[in-house]
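[1] Provided below for reference: sequence and predicted model.
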Amino acid sequence: MERRRLGRTDMMVSVLGFGGSEIGYQRVSRRTVGRLLGGALDAGLNVIDTAECYEDSEELIGGAVAARRREFYLFTKCGHGRGWGRGDWRPKALLASIERSLERLATDHLDLIQLHSCSREELGKGDVIGALERARERGLTRYIGYSGDGEAARYAIECGRFDTLQTSVSIADQEALDLTLPLARTRDVGIIAKRPLANAAWRYARKPAEPYYQTYWSRLRALDYPFLRNAPEAGAATALRFTLAVAGVHTAIVGTAKPERWSQNAAHLEAGPLPAREFETIRARWREAAEASWAGQT
């Protein structure tokens with residue numbers, strides 16, 4: 001599997017990474033997680049990304065692959081130690097969260113710790129960034145990053161204190177291509193694409209009941225890409241290849257709770273880079289149909 005240097009870090013990351021939200025929220029068994037991650041590592045994936053608020057995701061990952069720790073880069077996020085949507089940005093709480101994550105993940109250090117969708121206002125105060133910098137000084141993490149979108153993500157690059165940015169990049173989420181990624185390239189900030197498959201929201205013939213899928217479903221209906229209209233099952237290949245064709249993207253984090261899905265996602269990349277003509281057609285349709293309110297999805 002192709003690898004790219006993650007910005008100014010020394011990490012050569014696989015272009016396809018594993019996202020740990022689904023295994024936590026869907027209560028996947030330890031045995032299944034072991035099969036999923038074991039197979040992915042065997043096939044060349046070397047990025048595992050999770051967060052302290054993804055239920056028991058960290059414990060599942062630690063239990064499954066701690067013995068193979070030297071084979072992959074381990075990323076997690078902090079700021080929602082009491083659960084998603086209940087942010088706690090006190091430096092003491094952030095450091096305690098990082099230490100708890102290390103215990104759950106069964107490791108003595110992280111390769112990357114990320115602030116998880118902290119607001120632009122909080123970032124501007126500086127204390128939250130300082131907490132991560134102290135964690136780095138203590139050897140708890142090698143690098144620090146920000147995970148989020150919009151103006152907060154822009155500030156995270158401008159302030160010059162983060163090594164990486166994890167942000168939404170997909171056929172249904174292209175704000176970052178203009179707002180943050182060009183600047184990130186000039187600053188040599190590593191880019192981790194989240195939601196690269198737009199939650200595969202095109203699978204639903206009708207608006208899904210679960211809010212997680214609704215925003216992208218509505219956008220994709222408006223965008224009406226021909227490649228989804230005629231062959232929705234093959235849409236994942238074009239969607240993933242689009243994200244990885246975006247200048248500055250180093251790795252795309254895809255979450256799944258199904259061991260077989262990892263190999264399917266990897267197979268999508270066997271066709272090689274998305275041709276420039278197809279890429280520009282998708283970009284042109286976005287410019288034509290996207291509404292000003294279509295901000296990056298946290």
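    Now that the structure is in, tell me what you want to look at. Numbering: from 1, shown residues only.

[2] show me where pLDDT drops low in this structure?
    232 (pLDDT under 70).

[3] what about 50?
    Nowhere does the chain drop to pLDDT under 50.

[4] now the strands: where do they sit in it?
    With DSSP state E as the criterion, the chain has strands at 3-5, 12-14, 16-19, 47-49, 73-78, 110-116, 141-147, 164-168, 190-194, 249-255.

[5] so which of these comes closest to Gln174?
    Nearest to Gln174, of all the strands of the chain, is strand 164-168, at 8.9 Å by CB to CB. Heads up, the C-betas are built off the backbone N, CA and C, glycines and all.

[6] Save the strands of the chain as TSV, and put in mean neighbour count and distance to Leu181 too.
    Below are these laid out as TSV (neighbours: other CB atoms under 10 Å; distance: least, CB to CB, whole Å):
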stretch	mean neighbour count	distance to Leu181
strand 3-5	15	14
strand 12-14	20	17
strand 16-19	25	17
strand 47-49	26	18
strand 73-78	28	19
strand 110-116	25	17
strand 141-147	24	14
strand 164-168	28	8
strand 190-194	26	6
strand 249-255	25	7
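
[7] how about the most centrally placed residue in the chain, what does it touch?
    Closest to where the C-alpha atoms of the chain average out (CA atoms, centre = their mean) is Lys194, at 3.0 Å. Contacts for Lys194 (CB atoms under 8 Å, 6 or more residues apart in numbering) come out as Gly19, Ser147, Gln166, Thr167, Ser168, Val169, Ile253.

[8] Including distance to Arg287, could the strands of the chain go into a markdown table?
    Formatted as a markdown table, the strands of the chain follow (distance: least, CB to CB, whole Å):
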| stretch | distance to Arg287 |
| --- | --- |
| strand 3-5 | 27 |
| strand 12-14 | 30 |
| strand 16-19 | 27 |
| strand 47-49 | 30 |
| strand 73-78 | 31 |
| strand 110-116 | 30 |
| strand 141-147 | 26 |
| strand 164-168 | 17 |
| strand 190-194 | 20 |
| strand 249-255 | 19 |
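
[9] Mind checking those strands for the one nearest to Arg35?
    That would be strand 16-19 among the strands of the chain, by CB to CB, at 12.8 Å.

[10] Endpoints of stretch 120-133, how far apart?
    18 Å (CA to CA, to the nearest Å).

[11] cool, stretch 2-16 as well?
    Terminal residues of stretch 2-16 are spaced 9 Å apart (CA to CA).

[12] ditto for stretch 168-176
    End-to-end distance (CA to CA), stretch 168-176: 7 Å.

[13] re the thing from before, compute the distance between the residue nearest to the centre of the chain and Ala51, please.
    Counting by CB to CB, to the nearest Å, the gap from Lys194 to Ala51 is 11 Å.

[14] One more: Asp127?
    With CB to CB as the criterion, Asp127 and Ala51 are 20 Å apart.

[15] And those two? Which one has more around it.
    Comparing Asp127 with Ala51 by other CB atoms under 10 Å, the one with more neighbours is Ala51, at 26 against 12.

[16] wait, what's in contact with the more buried one?
    Gly20, Ser21, Ser57, Glu58, Thr76, Lys77, Cys78, His80, His116.

[17] what sits against the closest residue to it other than its chain neighbours?
    Distances taken as CB to CB, 6 or more residues apart in numbering place Lys77 nearest to Ala51, at 3.8 Å, with adjacent residues excluded. Lys77 makes contacts with Thr50, Ala51, Glu52, Cys53, Ile113, Gln114, Leu115, His116, Ser147, as judged by CB under 8 Å, 6+ apart.
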